[in-house]
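J.: Turn this into a model:
(chains A and B)
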Amino acid sequence: MSVLQVQGVCKRYGGVHALREANLNVEAGRIHAVLGENGAGKSTLIKIMAGVVPPDEGAILLDGAPVSFASPAAANAAGIVCVFQELSLIPDLCVADNIAISNPPQRFGLIDRRAQRRMAEQALARAGAEDIHPLALVKDLPLSRRQMVEIAKALARGPRLLILDEATSALTAADVTKVYAVLKRLRAEGLALVYISHRMHEIVELADECTIFCNGRSVAHYAAGTKTDNEVVELMIGRKYDGVFPARTANVNRKAAPRLEVRHLAWTDRLVDISLQLHAGEVVGLGGLDGQGQRELLLALFGVLRGTSGQVLVDGRPVTITSPHRAKGSDIGMALIPEDRKTEGLMLPMSVRENLSFAALEGLSRWGVIDTAAETEAVQRIVQLLSVRSDGVDVAAGSLSGGNQQKLVIGKWLMVAPRIILLNDPTRGIDVGTKHEVYELLRRLAAEGAAILFYSTDYDELIGCCDRVLVMVEGTVKRELVGTQITERALVSSALSLGLDPGRVEPRAAHG
Amino acid sequence: MKSDWPYHLREHRGTLLAFLGFIVMFAIYAANHPVGLNANVATTAANKGTLLAILAMAQTLVVLTSGIDLSVGMVMVLANCLASTIVVGTPLTTALGVLGVLATGAACGAVNGLIVIVGRLQPIVTTIATGSVFYGIALALRPVPGGDVNASLADLLTGQWGGVPASLVFLLALVLLVWTPLRRSILGRAVYAVGSSEVAAYMSGVPVQRAKFLAYTMSGLLASVAGLFVTFITYSGEASAANGSTYTLFSIAAVVLGGVSLFGGSGSAVGAIFGALMFRTIGDLLFVFNLEPLWQPLFQGVVLAVAVCLGSARLLRVKNRLDVYG
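T.: Reported below is the predicted structural model:
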């Protein structure tokens, strides 16, 4: 029996289609897996089902009748509950308060704490997390326990349709086993479950049926186990190459000490034993699914994370980078182009000139006073080099278009002539033309001798731009692809830890 | 299943520390007082302490939502000036006068709340501006100090009941009748949720805006209760800008000493009350040790700065430096 149907749903953000023609049919007593690579539209689909955003076109049918949810609360009331990837818990409240947050039991108009305690204990038991004390503050719990609380909170709302978005990504192996048992029990109780995971073995273990998304479309729906891993990967890729990439001019001297070498880098449980080498003149990509530690790796190299272990060498010399200020120093010469240009890259209300010269002010000042003439000259040079389109250099950075803002973020670091450039998804949300300019710029910088480490969620870019790609899975470098090995098939299958060789079908390797 | 008390201890740690701090300070104060601790000394201390404690309760509500109310002192001054005009005469007119003062305070708080919620302005700017307006109204009401108040009501609340300072009983009643129910209501919990993580609260279907509105309105209401108390202690009204500013600053000091997080979402009005009593006692210590009164602002400023530093100790444990700015 069908609980929720998504029919022909479209969703656009600005000019970008996040979903076009998405269909999904969720039935009671079944676990329905949703698969797709980065940007295939999975998250948007969930947000629409959970009432976070409205669809532009198409219909949502609940028990066959069309519905539209104005808010997450409205979707909850209809029995649709989502365990979001970003946790929705309130850190300063205790576990029981959090589990009961949307509808606490009441007595004489006040919250009945005993009833709430019982409710929390039951929900925790149902989620297989009896070890969590209901009075513990959420902020004192480790991430894996918080995720279990999140699941218990969803169960306490008595859902008919439970959506789990990467709900096991932070769990320990023992927890995952418990969650499997819980999900199978819920299925037996007649709940409908939508399960989104990047871990193929989880899908094999749990799913009754699967839907594959690609470029915002649901491209295939099949009963679990009727398609081989290879066929699944084939369906998930099928993307057109619309980017034109500049030619690679490999001019790398591998005999010299690497510009940047990392040995056994680790940080909390997010980065595990990472070793890599980066030579001058090379563009090295970081691949893998979103959220596998790529951002943390870049932040760790740039000195933002505290408590990292392992060794970092620049030109064969061990260095300790404890802050971005240290990283940009002339002996290291590192720059990080951040992902979120609005908060980490630019001071939007300040002028183009000020934004560009921030990182380079030390070279443009004498006795702490800024040399305005030198600053103007340097700023003009960068504005021309990147062909930043703005109404002069004294307008606010916030008044520029997204693509031109991104150029400022890059340009700001070019002012200090960095020797090691780290990029964190630099082309997300900018137009095709600007993207192309960024690619050419990267190539030119590499040709001039910079070493570039480039994280991108867009596989096209990794294929078109990089000399090598390091695929990260669960906080470590799982695989290195070189030159012609870099294909979409190889990227997807190694990101999913499938161990398929490019162009050949092999039995799935045991999962690490 | 582990026992509950470590978790209760964790939850009330700030409040307990404030309580202990107050006990220690008060013991030093009482032991060194030139006349020793008798009922009259205790009553005078209690009246001053209660005044600040009520204002600290008002401040706590807004700070819990991760805002700040810099107008509490001015609402208090306005309530004082209004009370010295209308809380007079027969028991009936007195009662109506009290209601009028309370309604005015609640209205001041509601204005703050509406501007912060609907106008999406920063609480700090909003309440500086409205505080100035409230002071202006107070000055118009009472250009020169004076006025009167129903003396029997004043004496009842600032005197002694069977040797116990009446103001302390009043404060206890305020906690039991206002704070405890609020703490255990859905909107009260929403106040904490909003201060702790507004996005998570919204995603969990918590009434974010109503919670903020409640916090600001209750803050204004409690500030007007403090204003009534000023009137009962002084038997008159005075539109004193210095009083308003000083008390606003003191209320923030009390909240910090009371273990309420300035980041919002954690702490208790009970802790803030002990913070207020402790802060008052620290001020009085200078008196019993015969130090120059001129040192008082400096000394209280240092106490406040140290307390704020202790509150930021958590930043030392942050693993991702970007979280420090989050």
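J.: where do the strands sit along the stretch 151-300 of chain A?
T.: Using DSSP state E, counting those that start in this stretch, the strands found in the stretch 151-300 of chain A span residues A:161-165, A:192-196, A:209-214, A:217-223, A:260-267, A:271-278, A:283-287.
J.: Any idea which of the ones you listed gets closest to residue A:327?
T.: Of all those, it is strand A:260-267 that lies closest to residue A:327, at 11.0 Å by Cβ to Cβ. Bear in mind the C-beta positions are built from the backbone N, C-alpha and C, glycine included.
J.: how close does the spatially most central residue of chain B get to chain A?
T.: Residue closest to the average C-alpha location in chain B (Cα atoms, centre = their mean): residue B:56, at 1.5 Å. Distance, residue B:56 to chain A, by Cβ to the nearest Cβ, to the nearest Å: 19 Å.
J.: Does that residue touch residue B:272 like I think?
T.: Yes - if you go by Cβ atoms under 8 Å, residue B:56 and residue B:272 touch, sitting 4.1 Å apart.
J.: Which of the helices or strands spans the residue nearest to residue A:341 when sequence neighbours are not counted?
T.: Setting aside the residues directly before and after it, residue A:341 is nearest to residue A:409 in space (Cβ to Cβ, 6 or more residues apart in numbering or on different chains), at 4.9 Å. Per DSSP states H and E, residue A:409 falls inside helix A:402-414.
J.: Partner strands of the helix or strand following that helix and their direction?
T.: Later in the chain than helix A:402-414, the nearest helix or strand by DSSP H and E is strand A:420-424. Here strand A:420-424 is paired, per DSSP bridges, with strand A:334-337 (parallel), strand A:451-455 (parallel).
J.: Let me have the ones you listed in TSV, adding mean neighbour count, distance to residue B:174 and mean pLDDT as columns.
T.: Formatted as TSV, these follow (neighbours: other Cβ atoms under 10 Å in any protein chain shown; distance: least, Cβ to Cβ, whole Å; pLDDT from 0 to 100):
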stretch	mean neighbour count	distance to residue B:174	mean pLDDT
strand A:334-337	26	53	90
strand A:451-455	26	56	92
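J.: Please name the residues that touch the residue nearest to residue A:341.
T.: With contacts defined as Cβ atoms under 8 Å, 6 or more residues apart in numbering or on different chains, residue A:409 is in contact with A:337-338, A:341, A:345-346, A:426.
J.: Please apply the same query to residue A:49.
T.: By Cβ under 8 Å, 6+ apart, residue A:49 lies in contact with A:4, A:6, A:60, A:75, A:80, A:82, A:161, A:163, A:194.
J.: again, only this time at 7 Å
T.: A:4, A:6, A:80, A:163 (Cβ atoms under 7 Å, 6 or more residues apart in numbering or on different chains).
J.: Which of those residues fall in strands?
T.: A:4, A:6, A:80, A:163 (DSSP state E).
J.: how close does the closest residue to the third one other than its chain neighbours get to residue A:8?
T.: Excluding its sequence neighbours, the residue lying closest to residue A:80 (Cβ to Cβ, 6+ apart) is residue A:161, at 4.7 Å. With distances defined as Cβ to Cβ, to the nearest Å, the gap from residue A:161 to residue A:8 amounts to 19 Å.
J.: Settle it for me: which of those two has more neighbours?
T.: Between residue A:161 and residue A:8, residue A:161 has the larger neighbour count (other Cβ atoms under 10 Å in any protein chain shown), namely 23 against 14.
J.: mind listing the strands for the stretch 401-512 of chain A?
T.: Under DSSP E, counting those that start in this stretch, the stretch 401-512 of chain A gives strands at A:420-424, A:451-455, A:468-473, A:476-482.
J.: out of these, deepest packed?
T.: strand A:451-455 (a mean of 26; mean count of other Cβ atoms under 10 Å in any protein chain shown).
J.: near chain A, which residues of the stretch 201-326 of chain B show up?
T.: B:201, B:203-206, B:265-266, B:318-322 (Cβ under 7 Å from any Cβ of the partner chain).
J.: Out of those residues, which end up buried?
T.: Of the members of those, the ones counted as buried by neighbours, 16 or more other Cβ atoms under 10 Å in any protein chain shown, are B:201, B:203-206, B:265-266, B:320-321.
J.: how long is stretch B:155-170 from one end to the other?
T.: 13 Å (Cα to Cα, to the nearest Å).
J.: ok now it, how far from the chain's centre?
T.: Centroid separation between stretch B:155-170 and its chain, computed with Cα atoms, centre = their mean, to the nearest Å, is 20 Å.
J.: Name the residues of it that are buried.
T.: For stretch B:155-170, by 16+ other Cβ under 10 Å, it's B:157-158, B:160, B:165-170.
J.: picking up where we left off before, mind listing which of the buried ones among the residues of the stretch 201-326 of chain B next to chain A are in helices?
T.: Applying DSSP state H to these, the entries found in helices are B:201, B:203.
J.: and which of the buried ones among the residues of the stretch 201-326 of chain B next to chain A is nearest residue A:315?
T.: Nearest to residue A:315 among these, with distances taken as Cβ to Cβ, is residue B:321, at 25.5 Å.
J.: what residues does the stretch 251-400 of chain A put near chain B?
T.: A:268, A:299, A:304-307.
J.: So how do I select the buried members of the residues you listed in PyMOL?
T.: Burial among those is assessed by 16+ other Cβ under 10 Å; the matching PyMOL selection reads:
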select buried, chain A and resi 268+299+304+305+306
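J.: what's near enough to touch residue B:197?
T.: Residues in contact with residue B:197 (Cβ under 7 Å, 6+ apart) are A:90-91.
J.: give me that answer again for 8 Å
T.: A:89-92, B:265.
J.: Check what pLDDT residue B:167 gets.
T.: Residue B:167 carries a pLDDT value of 94.
J.: To what extent is the closest residue in space to residue A:182 that isn't next to it in sequence buried, counted in neighbours?
T.: Closest residue in space to residue A:182, ignoring its immediate chain neighbours: residue A:128 at 5.2 Å, by Cβ to Cβ, 6+ apart. Applying other Cβ under 10 Å, we find 19 residues neighbouring residue A:128.
J.: show me where pLDDT drops low in the stretch 51-200 of chain B?
T.: Along the stretch 51-200 of chain B, no part satisfies pLDDT under 70.
J.: Close to chain A: what parts of it are there?
T.: Counting by Cβ under 8 Å from any Cβ of the partner chain, the stretch 51-200 of chain B comes close to chain A at B:181, B:184-186, B:189, B:192-193, B:195-197, B:200.
J.: rewinding a little: tell me who's in contact with the residue nearest to residue A:182.
T.: The contact partners of residue A:128, by Cβ under 8 Å, 6+ apart, come to A:148, A:175, A:178-179, A:181-182.
J.: just those now: which is nearest residue B:283?
T.: Distances from residue B:283 to these, taken by Cβ to Cβ, are shortest for residue A:148, at 48.4 Å.
J.: In contact with the residue lying closest to residue A:100 once chain neighbours are set aside, which residues?
T.: Excluding the flanking residues, the one nearest residue A:100 by Cβ to Cβ, 6+ apart is residue A:116, at 4.8 Å. With contacts defined as Cβ under 8 Å, 6+ apart, the neighbours of residue A:116 are A:96-97, A:100, A:104-105.
J.: Shouldn't residue A:116 be within a helix?
T.: Yes - assessed by DSSP: H, G, I helix; E, B strand; the rest coil, residue A:116 belongs to a helix.
J.: For it, give its distance to chain B.
T.: According to Cβ to the nearest Cβ, residue A:116 and chain B sit 10 Å apart.
J.: From residue A:158, how far out is that residue?
T.: From residue A:116 across to residue A:158, the span is 15 Å (Cβ to Cβ).
J.: go on, residue A:272?
T.: 38 Å.
J.: could the contacts of residue B:197 go into JSON lines alongside pLDDT, secondary structure and distance to residue A:152?
T.: Compiled in JSON lines, the contacts of residue B:197 are given as follows (pLDDT from 0 to 100; DSSP: H, G, I helix; E, B strand; the rest coil; distance: Cβ to Cβ, whole Å):
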{"residue": "A:89", "pLDDT": "89", "secondary structure": "coil", "distance to residue A:152": "10"}
{"residue": "A:90", "pLDDT": "91", "secondary structure": "coil", "distance to residue A:152": "14"}
{"residue": "A:91", "pLDDT": "89", "secondary structure": "coil", "distance to residue A:152": "16"}
{"residue": "A:92", "pLDDT": "90", "secondary structure": "coil", "distance to residue A:152": "18"}
{"residue": "B:265", "pLDDT": "89", "secondary structure": "coil", "distance to residue A:152": "21"}
